[in-house]
Each structure stands twice: as structure tokens, then as C-alpha cells.
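[1] Turn this into a model:
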Amino acid sequence: MTITALIAEDEALLAEALRAELGVLWPELDVVGIAPHGAAAVEMALQQRPQVCLLDIRMPGMTGLEAAAAITEDWPLDAGSPPLFVFVTAYDQYAVQAFERAAVDYVLKPVQTERLRATVQRLQAALATRAPAADALAASVETLRALLSATPVAEVSQRLRVVQVAHGSAVLMLPVEEIDFFEAADKYVRLTHQGREHLIRMSLRELLPRLDPDRFWQIHRGCIVRVDAVERAERDESGHVTLHLRGRPERLAVSRMYAGLFKGL
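    Now for the predicted structure:
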């Protein structure tokens with residue numbers, strides 16, 4: 001039976017070498033596309049709906065982990081089970097242990113034939129015993145959440161206490177604890193502070209490690225909210241979670257990746 005796969009790798013020669021190696025180890029595997037970066041991987045995966053995705057961790061713009069999270073978040077419920085993910089990584093042993101704890105397969109660079117053979121066997125066994133689509137999706141969400149939280153990020157010298165915002169000829173100094181939420185907006189991040197909106201030239205990926213994780217929660221790949229600003233979380237019949245903020249008209253959607261953060265005690 002033919003199995004479809006997508007490779008995401010920004011180095012074309014490495015991508016083609018991986019495709020060739022897989023062709024020898026798994027002749028029934030049909031590589032339906034090679035994505036040069038994370039955003040392309042998300043788009044191609046949602047169009048092609050492969051059964052397996054092999055994602056390089058370090059790619060321009062969006063990492064392999066972020067791409068996997070985005071694919072899982074946007075995977076249609078009527079499209080069957082989401083892909084099985086394999087991450088190609090040059091991380092050190094500490095990070096590899098994080099992958100093992102999260103029960104996600106990985107291949108270290110440079111890719112070795114015998115290690116890739118073991119990955120192929122693991123994938124074949126997993127595909128033969130896959131849970132129903134809804135269960136597989138839930139398991140994929142929990143696995144990726146665990147992996148995203150377990151993988152080390154760059155060291156941050158200190159937590160962000162003040163956000164500096166250009167305002168005409170002045171620079172406003174906004175205390176972080178007074179900001180309701182941050183939202184991606186093209187090349188900027190939009191934030192709300194005491195009823196006013198501001199733009200800063202910084203990505204959410206740069207911002208997130210500098211925020212206190214006990215006070216600021218990522219609720220979507222494009223949104224971070226201050227927990228104290230949330231009045232309530234409402235879950236509809238389909239399981240979608242929406243946040244209502246204190247004294248704010250916005251309603252913030254929580255992706256399925258982070259919906260588990262909001263549950264009664």
C-alpha cells in the first residue's frame with residue numbers, strides 16, 4: 001500500500017538525499033513534496049494531506065516544531081488522522097531526551113541509514129495501529145504540546161518588564177503587567193494597553209521567551225494573553241474555546257493545541 005509523505009528541509013541537497021534514502025528503505029513511500037521552509041510545509045501538508053511529515057527543526061521563519069503545531073491546529077476534522085511527525089535535528093543530547101519523553105520520533109543529522117531504517121519501521125508499525133481520527137488528533141496535540149514545552153529555548157538574560165513603543169516623537173514605556181495580549185500582525189506584534197493599541201517590531205517567537213510563563217500564556221500560534229486579563233473561557237458544542245477579557249470587547253480564539261490549558265479544577 002502506498003504511503004504519502006512530505007519532507008521539509010531548507011537545504012535542497014539534504015532534502016533530495018533524504019528522499020533517495022527513504023526510497024531505498026521504503027519503496028512504497030511516495031514523497032508528494034519537498035518544502036523549503038516551515039510556512040511552505042504547513043501549506044503543502046494541508047493541501048496534500050500526507051500520512052507522514054519529516055520536518056527539519058531549524059528552518060527559516062518557522063521551525064519544524066512550529067510547523068507541526070500549525071499543521072495539527074489547522075488539520076480538518078474530516079480529513080482523517082493527522083500526519084505522523086518525524087523531526088530531523090542537530091540538537092544536543094538534552095534535546096534528544098526531550099523528544100524521547102514526548103514519544104515523537106527524531107533523526108539526528110547527519111542522517112545515518114540504520115537510524116533511518118529504525119524510524120521507517122517505527123512509522124510502519126504506527127500506521128498499522130493508528131487510532132481513530134479524533135483520538136489520533138487529540139494524541140498529536142498533547143504530544144506536540146509536551147514537546148514544545150520540553151524543548152530548550154535560547155537563554156534569556158532577564159524577563160521583559162517594560163515594552164518600549166514609539167509614539168510620534170516620544171517613546172512610551174508600557175509595563176508588561178498592564179498589557180492584555182500580544183497578537184501577530186504581519187511583521188509586527190499588536191498589543192493592547194489600557195484600551196489603546198500599539199505596534200512593535202518584534203516577532204512573537206522573540207517575545208515569548210522573555211515573558212513570564214506563569215503570567216502570559218500562548219493560546220494560538222499568533223496570540224499570547226496575560227492570564228490575569230482573562231475573565232472567562234467559554235467552550236462551545238464543537239469544543240472550540242473562546243476567551244472573554246476583563247473590560248475589553250475582543251474575543252480571543254484558543255487553538256486546539258492550547259485548549260487544554262482552560263479547564264475547571
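[2] Find the least confident helix or strand in the chain, judged by mean pLDDT.
    Scoring the helices and strands of the chain by mean pLDDT, DSSP states H and E places helix 93-101 at the bottom, with a mean of 66.
[3] Following element in sequence after that helix, please.
    On the C-terminal side of helix 93-101, the closest following helix or strand by DSSP states H and E is strand 105-108.
[4] helices or strands next to the following helix or strand past that next one in the packing?
    Counting by DSSP H and E, the next helix or strand C-terminal to strand 105-108 is helix 113-128. Other elements packing on helix 113-128 under the criterion 3 or more CB pairs under 8 Å, 6 or more residues apart in numbering; DSSP states H and E are helix 12-25, strand 84-89, strand 105-108. Placement of C-beta: from N, CA and C, glycine included.
[5] Remind me what the shortest one packs against, helices and strands.
    Okay, so that is strand 105-108. So strand 105-108, by 3+ CB pairs under 8 Å, 6+ apart, packs with strand 84-89, helix 93-101, helix 113-128.
[6] tell me the mean pLDDT for that strand?
    Throughout strand 105-108, pLDDT has a mean value of 88.
[7] which residues sit against stretch 223-240?
    177, 179-184, 204, 207-208, 211, 214-219, 241-246, 248, 252-254, 256, 259, 262 (CB atoms under 8 Å, 6 or more residues apart in numbering).
[8] could you flag which of those are buried?
    In those, burial by neighbour count holds for 179-184, 204, 207, 211, 216-219, 241, 243, 245, 248, 252, 254, 256, 259, 262, counting by 16 or more other CB atoms under 10 Å.
[9] Can you flag which of those residues belong to helices?
    Members of the buried ones among the contacts of stretch 223-240 lying in helices (criterion: DSSP state H): 204, 207.
[10] Name the residues of the helix or strand harbouring residue 135 that are buried.
    Using DSSP H and E, residue 135 sits in helix 133-150. By 16+ other CB under 10 Å, the buried positions in helix 133-150 come out as 133, 136, 137, 138, 140, 141, 143, 144, 145, 147, 148, 150.
[11] Could you do stretch 69-80 as well?
    Neighbour counts over stretch 69-80 (16+ other CB under 10 Å) mark 69, 70, 71, 72, 73, 74, 75 as buried.
[12] who's in contact with that stretch?
    Applying CB under 8 Å, 6+ apart, the external contacts of stretch 69-80 come out as 38, 41-42, 45-46, 49, 53, 62, 82-83, 133-134, 137, 140-141, 144, 148, 220-221, 255-257.
[13] same thing but 6 Å
    With contacts defined as CB atoms under 6 Å, 6 or more residues apart in numbering, stretch 69-80 is touched by 42, 45-46, 49, 82, 133, 140-141, 144, 221, 255-257.
[14] For residue 126, find the nearest of the helices and strands packed on helix 113-128.
    Of all the helices and strands packed on helix 113-128, strand 84-89 sits nearest to residue 126, with 5.6 Å by CB to CB.
[15] partners of the closest one in the sheet?
    Using DSSP bridges, the strands paired with strand 84-89 are strand 52-56 (parallel), strand 105-108 (parallel).
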